Every structure is written in structure tokens, then in C-alpha cells.
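In: Got a predicted model here, sequence first, then my questions.
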Amino acid sequence: MVSPKVCKSLGLNALLDTVRGDRIYSILDLGPALEDNVRFWSQFSCWLHIQDFYSSYREWRAAVVPEEESKEAAFSVLLPFSDETVFDIILTWDLFNYFDLRELEVLVQRLSRWCRPGTKLFMLISDLPNIPVSPTVFRILNREEMIHEIPIQETRPCPRHQPRDIARLMARFNISCSFLMRHGIQEYVFAFK
């Protein structure tokens, strides 16, 4: 594992500016279940749903015959929420760096089913030439800082999704704010229209 780094997160801070203490939030975290993150969110009145989406998707792909593979089927199985489910906050972390645009279209379409006007989506997009082979683990320390843990030193080319592609994918969302961080990461907070 690469040494963990503590980094400021203006995007997380901006997301949390919208969280009030007088209501209950439903949160979907698409990263792994982490004690630090559960502890952080427990200070708020919330329902926290954790789906380690990338690991689950890799396992699903390894078990499926390639010609039978359907992204829609995979995302339906891996995100099995009913049509009545509504999330107030969705944390995708750096997940979008690990899928091509076609897969992301299906994922965003699936996630949009559980959004209502004002639902926030937090995303980190890399602009670096290479990214770790698997997604970074983000541990929330406080509203302004996260620990970035890169599970393995091996890298792969980054798809470097362009802002216009992200805007097209997220057409049902408005950009609430966006911050370019020093380490080549663009943080986005989107709000569902």
C-alpha cells in the first residue's frame, strides 16, 4: 500500500454546508465500508447505505460469461434499491475514473432513479495520466480533510474524462461547485434538478 495522505477537501466541505441538523438524510456511499466514515456520518441523523460498488462489479464480471454480460443487468443486481428509494446524498468518490463513458451512462441513469430535486452527488475525477489499478480509499477525518489510501502501487492509464463528457453524463444535475485540487483531482458536487 502507498503511504496514506491527508488532503483537504473543499468539495466535501461544500457538500456538508448543505446538511442541516433538523432533518434525517438518506446517504448512498458507493465506496467500501469504513469505520471512520461510518463514525463521521453518525454525527448526523441519517440512514447510511454502503455498497462497495467497484469490488462488487469486478466480482460480478469475473463470474459472468462475457457474451452474457449486460451493464444494465449488473447495475440492477448490484444496486437493488426499489423505485420508492430516495437518496439525499450519493458519494461516488473516484469511481467514475474506473468506468468508460458507456458504463457511466448506465450507472448515472440507474442512480438518477433514486434522486429527487436537490439530491447531492459527490464525485472526484482525476486529470493525471495514470491512476491506481483500483479506486483510492477515502477516509473522512472531518468536514475539510480526508485520508487518501492507495491500496496498491500498480497503476493504469486514466481515462481522463473531459469536463464536457461529465456535463453530458450529468445532464439531469446542476454543478453546485467544483474545485481543482493540487494533486490533479477535480472535486464536484452536483445537485439533481
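Out: Looks like it came in fine.
In: N37: which element?
Out: helix 35-41 (DSSP states H and E).
In: Give me the average confidence score over that helix.
Out: Mean pLDDT, computed over helix 35-41, is 97.
In: can you give me the helices for the chain?
Out: For the chain, applying DSSP state H gives helices covering 10-17, 35-41, 53-63, 71-78, 101-112, 163-169.
In: I'd like the ones you listed as CSV, with distance to L124 and mean neighbour count appended.
Out: (Each C-beta comes from the backbone N, C-alpha and C, glycine too.) Shown next, in CSV, are the helices of the chain (distance: least, Cβ to Cβ, whole Å; neighbours: other Cβ atoms under 10 Å):
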stretch, distance to L124, mean neighbour count
helix 10-17, 7, 19
helix 35-41, 14, 15
helix 53-63, 13, 15
helix 71-78, 20, 16
helix 101-112, 14, 17
helix 163-169, 11, 14
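In: Out of these, which gets nearest to S176?
Out: Shortest distance between S176 and the helices of the chain, using Cβ to Cβ, is found for helix 10-17: 6.9 Å.
In: So which elements touch that closest one?
Out: Where contact means 3 or more Cβ pairs under 8 Å, 6 or more residues apart in numbering; DSSP states H and E, helix 10-17 is packed against strand 120-126, strand 173-180, strand 185-192.
In: Give me whichever of the ones you listed is most buried.
Out: strand 120-126 (a mean of 23; mean count of other Cβ atoms under 10 Å).
In: In its sheet, which strands sit next to that strand, and in what direction?
Out: Sheet pairing here is set by DSSP bridges, and for strand 120-126 it gives strand 89-93 (parallel), strand 185-192 (antiparallel).
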